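>>> Got a predicted model here, sequence first, then my questions.
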Amino acid sequence: MIPFQRVVIIGMGLIGGSIALALRKAGYEGEIIGCDSSRQSLEEAEAIGAIDQGYQDLGEGVKEVDLVILAVPLGYYRQVLKEIAESLPKDVVVTDVGSVKGCVEEIISQELSQSIQFVGGHPMTGSEKGGFHAASPFLYENAYYFLTPNPYTKEETIEGLKDFVKLLGAFPVVVETKQHDEIVALISHIPHLAAVLLANMLDRKNSISYIPFVGGGFRDTTRIAAGNPKMWQDIFFYNKKEILEGIDTLGEMLQEFKVLLQDDESEEVLENLQRAKLIRDSIPHTSRDYIPPLYDLIIDVGDRPGVLGELTQIMGKNNINIKEIEILHAREGETGAIRIALASKTEEEKALHVLKQGGFSLTYRKGEGQDVGNK
Ligand SMILES: NC(=O)C1=CN([C@@H]2O[C@H](COP(=O)(O)OP(=O)(O)OC[C@H]3O[C@@H](n4cnc5c(N)ncnc54)[C@H](O)[C@@H]3O)[C@@H](O)[C@H]2O)C=CC1
Ligand SMILES: O=C(O)C(=O)Cc1ccc(O)cc1
């Protein structure tokens, strides 16, 4: 039982929308209010019952709530806080989902009265896709969710928020604000920068025309570069200090590697590659992907017209919801493969069965990485 009976989510996009959907999935019995400047997002959320009421007027939306969740991009915080400050109930708890926490505490201290309980939050899950239509009730399942209390935070507030995070299906991790910003610079912001630079290297080297040859490696290392540029612009500036430090380290490491290569230090080059492999291999398989648990099937379809229609028809007829579908043009050594992603193990089993019956040849199953045989 969480101590919040009326929750308002400001920003009904990917992260805010997923909070509403996850609350509904968990059977939350309180009221869920959605606020957004976009009428369309509110209508979509209302239409599927994710929220009880939607408001474009933020001041109206926050009246009589006991929990406010800020889920807009960091660059809009100040404006949003100015719009709600006067209307906030006295005993309200305010939290957020922003990717950087130090700057948020600063803005909050300038815009809200000190008597209001604020605790920063940051779910370590997301997607390169934005908007309510990308939201998922499963987004928080088994994800780590940082909470950053401050010296004014009451024990009951942090306990209430921990329970709230658990209700979403996530694991609360209480961490100091500064440490949070150091951690995310290293595991999220610098990797994002690296992905951006790798993608842009094709442009700089005038090699955009090489894109058709791109294989899984380039796709994997640059996937996050497809994230919302505006959101990431905010993140880079709001966590500037930590990111600048990360850039220094990355620059030094590149320089060191360059010298090893120049000097033909093959043993040390190998040692670098081995160390990275050990670290990469130690990341648990259960670690959150962008969109959580998806069960992938890769289906060989040859190279014939109409095959996509046949496949989706079989799935539709059997009431199986395809969460993602992708034509794999550039799988080395193979042609005509389609990847479909299902939301659950049960759906995956069902899909396997009906596709086989429909004459499709299934070659790969994520998580097991095994040939499941041809029909
Ligand atoms: N996208 C991701 O993977 C993750 C994002 N975050 C954080 O979550 C926050 C939101 O990100 P997303 O949900 O991805 O963005 P989004 O673009 O999907 O959603 C943002 C929503 O806020 C609304 N909005 C923008 N300005 C507004 C305003 N002034 N008043 C009312 N509504 C407004 C937009 O209409 C949109 O519906 C960001 O602060 C980001 O740092 C945290 C973890 C992961
Ligand atoms: O970057 C990652 O590792 C993601 O999985 C998605 C994401 C983007 C921004 C965040 O603040 C947190 C998570």
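Received the coordinates, thanks. Ligands and ions are numbered 1, 2, ... in the order given.
>>> mind checking how far the residue of the stretch 101-250 of the chain found nearest ligand 1 is from I224?
In the stretch 101-250 of the chain, the residue that lies nearest ligand 1 is G126 (1.8 Å; CB to the nearest ligand atom). (C-beta placed from N, C-alpha, C; glycine too.) Separation of G126 from I224 (CB to CB, to the nearest Å): 9 Å.
>>> close to ligand 1, is the helix or strand hosting M253?
For M253, the enclosing helix or strand under DSSP states H and E is helix 240-262. No. Applying CB under 6 Å from any ligand atom, one finds helix 240-262 separated from ligand 1 by no less than 14.0 Å.
>>> And stretch 60-79, by the same measure?
Yes. Judged by CB under 6 Å from any ligand atom, stretch 60-79 comes into contact with ligand 1 through 71-74, 76, 79.
>>> which ones among these are found in strands?
Nothing among the residues of stretch 60-79 next to ligand 1 maps onto strands, per DSSP state E.
>>> and the residues you listed, which of them are in helices?
Among the residues of stretch 60-79 next to ligand 1, DSSP state H puts Q79 in helices.
>>> in the sheet, who's paired with R339?
Beta-bridge pairing of R339 under DSSP bridges involves I298, E326.
>>> what about it, how many residues close to it?
17 (other CB atoms under 10 Å).
>>> likewise the one 4 residues further on?
Per other CB under 10 Å, the neighbour tally for A343 reads 20.
>>> Correct me if wrong: it contacts I320.
No. Using CB atoms under 8 Å, A343 is not in contact with I320; the gap is 9.7 Å.
>>> Check the secondary structure at the residue positioned nearest the centre of the chain for me.
For the chain, the residue sitting closest to the mean C-alpha position, by CA atoms, centre = their mean, is G126 at 0.6 Å. Of the three states, G126 takes coil according to DSSP: H, G, I helix; E, B strand; the rest coil.
>>> Can you tell me how far it is from L250?
From G126 to L250 the distance is 22 Å (CB to CB).
>>> what's the answer for V259, then?
Computed as CB to CB, the V259 to L250 distance reads 15 Å.
>>> try V93
Relative to L250, and taking CB to CB, V93 is found at 38 Å.
>>> These two: which has the busier surroundings?
Set V93 next to L250 and count neighbours by other CB under 10 Å: V93 wins out with 25 against 14.
>>> is it true that that one touches F4?
Yes. Judged on CB under 8 Å, V93 makes contact with F4 at a distance of 7.2 Å.
>>> okay, and the common contacts of these two?
66-67, 160 (CB atoms under 8 Å, 6 or more residues apart in numbering).
>>> and these as CSV, adding secondary structure and pLDDT?
Converted to CSV, those look like this (DSSP: H, G, I helix; E, B strand; the rest coil; pLDDT from 0 to 100):
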residue, secondary structure, pLDDT
D66, coil, 96
L67, strand, 98
G160, helix, 97
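>>> so which of these comes closest to S18?
The closest of these to S18 turns out to be L67 (CB to CB; 16.0 Å).
>>> what number of residues lie near the closest one?
Neighbours around L67, by other CB under 10 Å: 22.
>>> What of the one 3 residues further on?
Taking other CB under 10 Å as the criterion, the count of residues near L70 is 27.
>>> A226 now?
What A226 shows, counting by other CB under 10 Å, is a neighbour count of 15.
>>> you'd agree it is up against S127?
No. A226 lies out of contact with S127 (CB under 8 Å); the separation is 9.5 Å.
>>> Drop the exposed ones from the residues of stretch 60-79 next to ligand 1 and show what's left.
Among the residues of stretch 60-79 next to ligand 1, those buried by neighbour count (16 or more other CB atoms under 10 Å) are 71-74.
>>> for A195, helix, strand, or coil?
Classification of A195 using three-state DSSP returns helix.
>>> Ignoring the adjacent residues along the chain, who's closest to it?
Excluding its sequence neighbours, the residue lying closest to A195 (CB to CB, 6 or more residues apart in numbering) is A225, at 4.1 Å.
>>> per-residue pLDDT, that neighbour?
At A225, the pLDDT value in this model is 95.
>>> ok, back up a step: pull up the overlap in contacts between A343 and I320.
In contact with both A343 and I320: no residue, using CB under 8 Å, 6+ apart.
>>> All the helices of this protein, in order from the start?
Taking DSSP H as the test, the helices found in the chain are 14-25, 39-47, 58-61, 77-84, 102-111, 155-167, 177-184, 190-204, 216-222, 229-238, 240-262, 266-281, 307-317, 345-357.
>>> Which neighbouring elements make contact with the fourth one?
The one in question is helix 77-84. Under the contact criterion of 3 or more CB pairs under 8 Å, 6 or more residues apart in numbering; DSSP states H and E, helix 77-84 touches helix 58-61, strand 67-70, helix 102-111.
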